[in-house]
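A.B. asks: mind looking at a prediction? Sequence and model below.
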Amino acid sequence: MRPAYTGSQVRAAEAPLLEEGQGPALMARAARGLELAVARDLKSTRGRVHGTHVAAVVGKGNNGGDALFALAGLARRGVRATAVLAHGAAHPAALEAFGRAGGRLAEPGDSLDHADAVIDAVLGTGFSGVFRAPHPRPDARVIACDVPSGLNADTGAAGPEVWRADVTVTFGALKSGLVVGRGRELAGEVEVVDIGLGPHLPDPDVRSLEPDDAARLLPAPRPDWHKYSRGVLGVVAGSREYPGAAVLTVAGALAAGVGMVRVLAPERVRDLVLAAHPEAVGGAGRVQAWAVGPGIADDADQHRALQSSLASGLPVVVDASGLGGWAADLEASGAGPDERMVLTPHAGELAALLGSLAGGGVAPEREDIEAEPLRWARGAARRCGTTVLLKGAATVCAAPDGTVFVQSQGHPYLATAGSGDTLTGILGALLATASGARPVELAALAAFVHGSAGRIAAEGGPYGAGQLAGAVREAVARLQRG
Ligand SMILES: NC(=O)C1=CN([C@@H]2O[C@H](COP(=O)(O)OP(=O)(O)OC[C@H]3O[C@@H](n4cnc5c(N)ncnc54)[C@H](O)[C@@H]3O)[C@@H](O)[C@H]2O)[C@H](O)CC1
């Protein structure tokens, strides 16, 4: 499991150590970690460390201090070290060490384009408000010190002037803001340097499943299985306008390993599903979980089937047009919180869903959710009393108690029509077959499997969602093989 912490949590973990007077030791460890990471990067991109040129744009706080100490270490290895003081001042001890090691100060306007690497150390976790970049992003390799300057380390939100880093060397613990929102793309490759905060860190803000966690959560094949005990999924998907949604949902469920699928859909849609998947069964019957909503549009029968699935007391994954039906049902029935209900909106659908819920609260725009996905997914899970899987390049899975998983296995080619229907099928299958795991963990597992499948499928070039199911089987098989 990969934990991540807000910048505020990391600062709180540092506080007792700073009170004990360990600030200089912490900074020395951070600076040494940065120095080693920059040296490794130079070796792999330039083939050497000695004789290269490394510049840093430094702020007046501890973040700038880390970079100046790191530059001093690099200068002692024969690197030409240059610093630009972004705010005209710097951490005094670090500036002195930098000067003693032979570092040179440059003027704010000087070009940094010819440096072999530039360290971005204007602001770290002490950033607040609006970020004005003191220097345009150089045309050189950029290594961010702790976080890209101006990035909100708690939320991943960033203004337009934040530099995109090739590598971020972060201290003490991975920051949440580096794994979600714009932070994920701005951070580049992330390296965590241990500076000894471990015993002082609280429960993580977010977690990410790693392959061994995903493998552990997958239902293991058992010799005593029969098709019913293995798990039966009811699917309410498709309509005259969107018949393919049902085919894709069923394909995702079968590829993820469900025992049987029962599909409720208009006759023509059912025929299409059965032609593509003869193993599926048309019509109602006993199920262990439901996957509802893909492509149901405003088909009245499908909405009635959706309402019965919601009233069944079984785990339900609700997607696409089903989300509006879920909100309407909540208003009508006043149904209590149930974390086994998993809503799977993208940012636009979550904005619409929150806007449609009565009872006050702020109704966000799609852009608000894209800028701060953690905040909105967590808030929606609390407000709805359900698990929420917010789709995106980094998928955020939140439970009503605040537990959050973030999964980023996916590939940009997954942004294709019908990809979400496949995810709904995968998650439905997991809800029907896996026992003992929390729905938020299964949501994260579904995002893991779906994302991995997207990456596997991309090995053969661009694809449509119809080609994803084969890759889902391969993703599951790779996890099971270990
Ligand atoms: N605390 C420690 O012992 C360690 C910290 N490490 C590094 O320190 C930074 C956090 O340092 P801090 O001095 O608290 O904050 P910053 O360097 O990020 O900047 C503080 C400085 O900047 C001003 N400021 C805030 N927002 C803005 C803004 N929008 N525009 C201009 N100026 C702004 C603020 O008022 C302060 O004066 C952490 O990230 C680590 O890099 C070490 O890792 C280990 C020990």
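C.D. replies: Thanks, I have the structure now.

A.B. asks: where does the stretch 251-400 of the chain get nearest to the ligand, residue-wise?
C.D. replies: Here the residue of the stretch 251-400 of the chain nearest the ligand is residue 371; by CB to the nearest ligand atom that distance is 16.8 Å. For glycine as for every other residue, the C-beta is placed from the backbone atoms N, C-alpha and C.

A.B. asks: let me see the contact set for the closest residue in space to that residue that isn't next to it in sequence.
C.D. replies: Once flanking residues are discounted, residue 371 sits nearest to residue 157: 4.8 Å by CB to CB, 6 or more residues apart in numbering. Applying CB atoms under 8 Å, 6 or more residues apart in numbering, we find residue 157 in contact with 151, 177, 181-183, 371-372.

A.B. asks: let me know the closest of these to residue 347.
C.D. replies: residue 371 (9.5 Å; CB to CB).

A.B. asks: pretty sure that closest one contacts residue 182?
C.D. replies: Yes - applying CB atoms under 8 Å, one finds residue 371 in contact with residue 182, separated by 7.2 Å.

A.B. asks: ok, those two, which is more surrounded?
C.D. replies: residue 182 (22 against 19; other CB atoms under 10 Å).

A.B. asks: secondary structure class for the more buried one?
C.D. replies: Secondary structure, DSSP: H, G, I helix; E, B strand; the rest coil: residue 182 is helix.

A.B. asks: can you check residue 261 too?
C.D. replies: Per three-state DSSP, residue 261 ends up strand.

A.B. asks: out of the contacts of residue 157, which is most surrounded?
C.D. replies: Per-residue neighbour counts (other CB under 10 Å) across the contacts of residue 157 peak at residue 151, which has 33 neighbours.

A.B. asks: give me phi/psi at that residue?
C.D. replies: Reported as degrees, to the nearest 10, the phi and psi values for residue 151 are phi -80, psi 140.

A.B. asks: not counting sequence-adjacent ones, nearest residue to it?
C.D. replies: In space, residue 151 is closest to residue 158, 4.8 Å off (CB to CB, 6+ apart).

A.B. asks: quick one, what contacts the one you found?
C.D. replies: Contacts of residue 158 (CB under 8 Å, 6+ apart): 131, 148, 150-152, 181-183, 186.

A.B. asks: closest to the ligand out of these?
C.D. replies: For the contacts of residue 158, the nearest to the ligand is residue 131 (5.2 Å; CB to the nearest ligand atom).

A.B. asks: per-residue pLDDT, that closest one?
C.D. replies: Residue 131 carries a pLDDT value of 97.

A.B. asks: same check on residue 422?
C.D. replies: 98.

A.B. asks: number of residues surrounding it?
C.D. replies: Using other CB under 10 Å: residue 422 sits among 33 other residues.

A.B. asks: cool, the one 4 residues further on as well?
C.D. replies: For residue 426, the number of neighbouring residues by other CB under 10 Å comes to 34.

A.B. asks: picking up where we left off before, residue contacts, the residue of the stretch 251-400 of the chain closest to the ligand?
C.D. replies: 155, 157, 181-182.
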